[in-house]
Every structure is written in C-alpha cells, then in structure tokens.
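Peer 1: Okay, structure incoming, though there's no sequence with it:
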C-alpha cells in the first residue's frame, strides 16, 4: 500500500516550519522598527528593545512578543494601515498555524527556544494600526488564534530575519 504523502504535512505535530519575516525593536512603545541584522535574544528580551510601561510589557514571561505575517496581510486586505511592528511585536513570523501556538508550545529559531506563555492583550497604544481604531481585532478572547503572543526565552541566542522557525512541542 502506498503511503499518503500529504500525511507528512500534518500541521498539528512538532516540526512544523515557518520563518522569521521581520525583527522589530524600539526605544520604548510602538511602533517597533525593523532591524536587518542578527539580534541577540536574552531571557529579558531582544537586545536594544525597551518597553514604555513595564507593568504590562516585558519581564521573563513576556520577554518576546510574536505576531503572524498572515494576520497582518489579512488586516491590510481589510483596509487597515497595520504593518510589521505597528502593534509592538518583536518577531513577525510566517507559515505557522497560529491556532496551535497555545501556552506551553515551544518554538525554535536558530537554536533559540521560545515558550508561548499567553496572549498579548491589545491596548489603545496600537489603535493606529486599525482604520477605525478598533484594536479589539487582536483580542484573544474575542478572536482566538488571531492575536499576538508573549513568549519566555528558554534558550538565548542570535536570531536573523529569514531564519526558519520550528514548532518543537
């Protein structure tokens, strides 16, 4: 019996690959600006990145903010002025099923391991990314699988735009 080649494409199992489309940092707040070179990711976040309000952003369980390029593209097609970094994400990723990235999931990027900790709740600071200012479009409570995610750094290291991303568990 011939093996079904499509069975190897099951996105629910570890090993699913995506890519780092862009890396963003800022001196505080949004937008975060793209960098073209390698960036060191430490347990405290990306080198050179600062948070405006540490009560709600940053710290070991919110060291890195992730967002989906596919979601950005969808929102742009709907007429929103969103772009990479305008919602405060550090890593814009493509090719991953965002609905599978639940708390506890682990991603690997060039040896850096990131564990998803929780959704990054949207706030008024990102309202400019939406034509009507309705930032609730990124609310995990209202739209599961569409929002940004926070991650803790399990293994620090260097990450570059274009690096492959694998879902480890």
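Peer 2: Ah, there it is. The structure displayed is predicted, hence computed values, not measured ones.
Peer 1: so the residue nearest in space to the middle of the chain, which of the three states?
Peer 2: Nearest to the geometric centre of the chain sits residue 66, at 1.4 Å (Cα atoms, centre = their mean). Under the three-state scheme (DSSP: H, G, I helix; E, B strand; the rest coil), residue 66 adopts strand.
Peer 1: any idea what sits nearest it, other than its immediate chain neighbours?
Peer 2: residue 149 (4.7 Å; Cβ to Cβ, 6 or more residues apart in numbering). Where C-beta positions appear, they are placed from N, C-alpha and C, glycine not excepted.
Peer 1: partners of the helix or strand where the one you found lies in the sheet?
Peer 2: Element membership for residue 149, per DSSP states H and E: strand 148-155. Strand 148-155 has the following sheet partners, assigned by DSSP bridges: strand 64-68 (antiparallel), strand 112-120 (antiparallel).
Peer 1: Provide the contact partners of the longest one at residue level.
Peer 2: If you take Cβ atoms under 8 Å, 6 or more residues apart in numbering as the criterion, strand 112-120 is touched by 41, 61-62, 64-66, 88-89, 101-108, 138, 140, 147-159, 168.
Peer 1: returning to what we had before: ok now the strand holding residue 149, how far from the chain's centre?
Peer 2: Mean-position distance between strand 148-155 and its chain equals 9 Å (Cα atoms, centre = their mean, to the nearest Å).
Peer 1: which ones are touching residue 163?
Peer 2: By Cβ under 8 Å, 6+ apart, the contact set of residue 163 is 19, 20, 109, 110.
Peer 1: ok so the first one is a helix residue?
Peer 2: No. Assessed by three-state DSSP, residue 19 does not belong to a helix; its assignment is strand.
Peer 1: hang on, it packs against residue 165?
Peer 2: Yes. Using Cβ atoms under 8 Å, residue 19 is in contact with residue 165, at 6.1 Å.
Peer 1: Give the intersection of the neighbour lists for these two.
Peer 2: Joint contacts of residue 19 and residue 165 (Cβ under 8 Å, 6+ apart) are 93, 95.
Peer 1: so where is the protein shaky, pLDDT-wise?
Peer 2: By pLDDT under 70, the low-scoring segments of the chain are 1-14, 52-58.
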